[in-house]
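Asker: quick one: sequence and predicted model below, then my questions.
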Amino acid sequence: MNDQILKILSQQAGDYLSGQSLAAQLGVSRQAVWKEIKALRDSGYEIESVTNRGYRLVSLPPFLNAPAVNAQLRTNILGKELVVLDSIGSTNEYLKKLGSEGCKSGTVVAAREQLSGKGRLGRGWVSSRDESLMFSLLLRPKMAPSEVACVTPLTGLAVCKALREETGLDCRIKWPNDIIVGSKKLVGILTEMSAEFDAVEFIVIGVGINVDRAEFPAEIAAKATSLFLETGVRYEKNRLLARVLGQMETEFLAHDLELSPQALAEYAELCATLGRTVGFTRNGRPAEGLATGIDPSGALLVKQGDGTVCKVNAGEVTAQGIY
């Protein structure tokens, strides 16, 4: 009921709303409304109450919360259904469950804390409360499973552009799913899908951005960074989420969830992997070559020592000079 009260109060544009009106809209007693208002105040929401006038939302807390995101969101599809959780195991897993229950395309789930998040190849993505921006987005595109590979690089392009514009940092893309600053990882992206036969039921795109982290465990300290470490600024996560979702919607609609020639050109311009020697596995054996481009399916094009060009579609790829 907290979310419902916040949604109603935020729509009042600073006007008072009586407890009786709130109770009627929610189908509960005025006493129940009072208890929920008290809980919201205890959580950091400033809600003013005046006798014979009612309640008024004065200000929102600085941590990630749906009303603050909604107030800055300028999308038509992405995030129109938005869930913000205090703590969750994995936003991807939570949203996949919502997807199997029929939630709308464009639904977004974000969390202040993620306890058992995951990256590619089963790696963990755990962050303390309010240190990172972690969210997942569900889409229901009409496409074949083989076409989903384009979604990750298109997401990377959108997130990279949004962060460059918002922060001024020289963010780059490390193929296939990371955003880096210098040689350190700033963002991870994980795309999963549910499909039946030759059609996709839904796609879930998970994005994790290191925002306020001041330090990392010793084993990854040389490989990871955050917006705070790079700029000394603590970015407002509600604004950041609205900004990133806006750029994602722009890119998805402009390119129809495909790597169009324009998207490929922009991706190549920002891709730190291209022009570097990369190591990968081919036919079960280690191989290496020069990363020369990205094809329309999202595969990395690698020129080997004998001059042949092969496509690397997935798996672990190491790039010279990058983790």
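Answerer: Looks like it came in fine.
Asker: list the helices and strands the helix or strand that contains residue 229 packs on?
Answerer: Per DSSP states H and E: residue 229 is located in helix 227-231. Identification of packing neighbours for helix 227-231 by 3 or more Cβ pairs under 8 Å, 6 or more residues apart in numbering; DSSP states H and E yields helix 151-167. Quick note: C-beta positions are derived from backbone N, CA and C, even for glycine.
Asker: after the helix it packs on, which helix or strand is next? Please name it.
Answerer: Proceeding N to C from helix 151-167, the next assigned helix or strand is strand 171-174, under DSSP H and E.
Asker: which residues are contacting that following strand?
Answerer: Strand 171-174 has contacts (Cβ atoms under 8 Å, 6 or more residues apart in numbering) with 153, 156-157, 160, 163-164, 179-181, 185-187, 267, 270-273, 319, 322.
Asker: recalculate using a threshold of 7 Å.
Answerer: Strand 171-174 is contacted by residues 156-157, 160, 163-164, 179-181, 186, 267, 270-273, 319, 322 when judged by Cβ atoms under 7 Å, 6 or more residues apart in numbering.
Asker: spatially central residue for the chain, please.
Answerer: Nearest residue to the geometric centre of the chain (Cα atoms, centre = their mean): residue 207, 3.3 Å.
Asker: so which strand or helix has it?
Answerer: For residue 207, the element it lies in under DSSP H and E is strand 199-210.
Asker: who are the packing partners of that strand?
Answerer: Counting by 3 or more Cβ pairs under 7 Å, 6 or more residues apart in numbering; DSSP states H and E, the packing neighbours recorded for strand 199-210 are helix 91-100, strand 132-139, helix 151-167, strand 184-196.
Asker: looking at these, which is nearest to residue 293?
Answerer: The closest of those to residue 293 is helix 151-167. By Cβ to Cβ, the value is 12.0 Å.
Asker: which one in the chain is furthest away from the centre?
Answerer: residue 52 (42.9 Å).
Asker: which SS state does it fall under?
Answerer: Following DSSP: H, G, I helix; E, B strand; the rest coil, residue 52 is assigned to coil.
Asker: can you report phi and psi for it?
Answerer: Dihedral pair for residue 52: phi 70, psi 0, per degrees, to the nearest 10.
Asker: quick one: it from residue 16, how far?
Answerer: 9 Å (Cβ to Cβ, to the nearest Å).
Asker: what of residue 137?
Answerer: For residue 137 relative to residue 16 (Cβ to Cβ), the value is 35 Å.
Asker: same question, residue 36
Answerer: Applying Cβ to Cβ, the value for residue 36 to residue 16 is 17 Å.
Asker: please, which helix or strand holds residue 33?
Answerer: Using DSSP H and E, residue 33 falls in helix 30-42.
Asker: let me fix that, I meant to ask about residue 238.
Answerer: In the assignment (DSSP H and E), residue 238 maps to helix 237-255.
Asker: tell me which other helices or strands the next helix or strand after that helix touches.
Answerer: Where DSSP H and E defines the elements, the next helix or strand beyond helix 237-255 is helix 261-270. Judged by 3+ Cβ pairs under 7 Å, 6+ apart, the packing partners of helix 261-270 are helix 151-167, strand 171-174, strand 285-294.
Asker: ok, back up a step: columns mean pLDDT, distance to residue 48 and mean neighbour count on top of the helices and strands packed on strand 199-210, output as CSV?
Answerer: Shown next, in CSV, are the helices and strands packed on strand 199-210 (pLDDT from 0 to 100; distance: least, Cβ to Cβ, whole Å; neighbours: other Cβ atoms under 10 Å):
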stretch, mean pLDDT, distance to residue 48, mean neighbour count
helix 91-100, 97, 33, 20
strand 132-139, 97, 29, 26
helix 151-167, 97, 32, 22
strand 184-196, 95, 38, 20
